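Enquirer: Just the structure for this:
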Amino acid sequence: MNNLCVAHRGFSYKAPENTIVAIKMAMAESFVQWVEIDTQLSMDGIPVVIHDFTLNRTTNGKGLVKDYTWAQLQQLDAGSWKGRAFQGERIPSLDDVLKLSCGRLRLNIELKTKGDMYPGLEQAVMEQILYHHMENEVVLTSFDTDALRRVKELNSNFKTGLIIDARPQDLLERLKDLECSFLSIGASHLDSTLDSTLVAQGITVMAWTIDDAKGMKRLASVNSEIMICTNRPDVWGETFMDSKPSFWHWKLIKKD
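Expert: Numbering: from 1, shown residues only. Sure thing, here's the model as predicted:
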């Protein structure tokens, strides 16, 4: 299947991002093989799935995620902001998401941290992944290069990826230095020249965040191997399913 669809924080166009319902909605689309999520730590060291460092935008809580225990975070409403139908949806733990996705989805797990904000984040996340035997079904990504280095120091077998919203001249050198085999890059920075250079070096490329058919088709014209991260899996389906004769064959293989 070309230009794989990566559901950004689940089906975040329709459902509250980074929640179980958003992931289930993404899974309901048969062509979604990957979901991107964000992970931080509660005050008592539990990996939780939420994007912002603060609770203000996506929950009825206030303040920093890291200042709440897991028990306290579970009491918050993480769905009402998206609509009345999602009232009572909770912040999931990483364990909740891994249980749901194991054997059914691959995960791009962003380590959401800056500097020494979350000591032990990498180890806590990796332990959860190893517990579920999902080390071959995930990639750990981050803007924070120190976090990526710590992952490799703890277990070099884990696949890691740099997140970047730029196009530095030394990008390939950075990836090699970090031992990253994956790149998550803002779509506007990607073209055929850069992509061919990365692919030649064995780098898997994911472009974000593309919600319109025109943008998706542009990336497909650059390279069929570029993964497309989107809030709109429905648009991805409308754009590619009917135009790819191999889709139904792939779908039958996937079900087997």
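Enquirer: can you pull out the strands in this structure?
Expert: 5-8, 34-41, 47-49, 106-111, 138-142, 160-164, 182-186, 204-208, 227-230 (DSSP state E).
Enquirer: Against which helices or strands is the fifth one packed?
Expert: Here strand 138-142 is seen to pack against strand 106-111, helix 121-131, helix 145-154, strand 160-164, strand 182-186 when contacts are counted using 3 or more Cβ pairs under 8 Å, 6 or more residues apart in numbering; DSSP states H and E. Glycine gets a C-beta too; all of them are placed from N, C-alpha and C.
Enquirer: what about 6 Å?
Expert: Counting contacts by 3 or more Cβ pairs under 6 Å, 6 or more residues apart in numbering; DSSP states H and E, strand 138-142 is packed against strand 106-111, strand 160-164.
Enquirer: Residues in contact with the first one: which ones?
Expert: Contacts with strand 106-111, where a contact means Cβ atoms under 6 Å, 6 or more residues apart in numbering, come from 34-39, 101, 121, 137-142, 147.
Enquirer: Just give me the closest of those residues to M227.
Expert: W34 (6.8 Å; Cβ to Cβ).
Enquirer: so that closest one makes contact with A7?
Expert: No - applying Cβ atoms under 6 Å as the test, W34 and A7 come out as separate, 7.0 Å apart.
Enquirer: The two: which is more packed in?
Expert: A7 (28 against 22; other Cβ atoms under 10 Å).
Enquirer: The more buried one contacts V32, doesn't it?
Expert: Yes - using Cβ under 6 Å, A7 is in contact with V32, at 5.1 Å.
Enquirer: Report the set of residues contacting both of those two.
Expert: Contacts common to A7 and V32, judged by Cβ under 6 Å, 6+ apart, are A26, P233.
Enquirer: Endpoints of stretch 64-71, how far apart?
Expert: The straight-line separation of the ends of stretch 64-71 (Cα to Cα, to the nearest Å) is 15 Å.
Enquirer: Name the residues of that stretch that come out as buried.
Expert: Within stretch 64-71, the residues scored as buried using 16 or more other Cβ atoms under 10 Å are V65, K66, Y68, W70.
Enquirer: Show me those residues that map onto helices.
Expert: Of the buried residues of stretch 64-71, the ones assigned to helices by DSSP state H are W70.
Enquirer: can the buried residues of stretch 64-71 go into CSV with extra columns for distance to L175 and pLDDT?
Expert: Output for these, formatted as CSV (distance: Cβ to Cβ, whole Å; pLDDT from 0 to 100):
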residue, distance to L175, pLDDT
V65, 29, 98
K66, 29, 98
Y68, 35, 98
W70, 34, 98
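Enquirer: Same list, the buried residues of stretch 64-71, but as TSV with distance to G115 please.
Expert: TSV is the format used below for those (distance: Cβ to Cβ, whole Å):
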residue	distance to G115
V65	16
K66	13
Y68	20
W70	23
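Enquirer: from the buried residues of stretch 64-71, which is closest to T193?
Expert: Using Cβ to Cβ, V65 comes nearest to T193 of those, at 39.1 Å.
Enquirer: Understood, closing this out.
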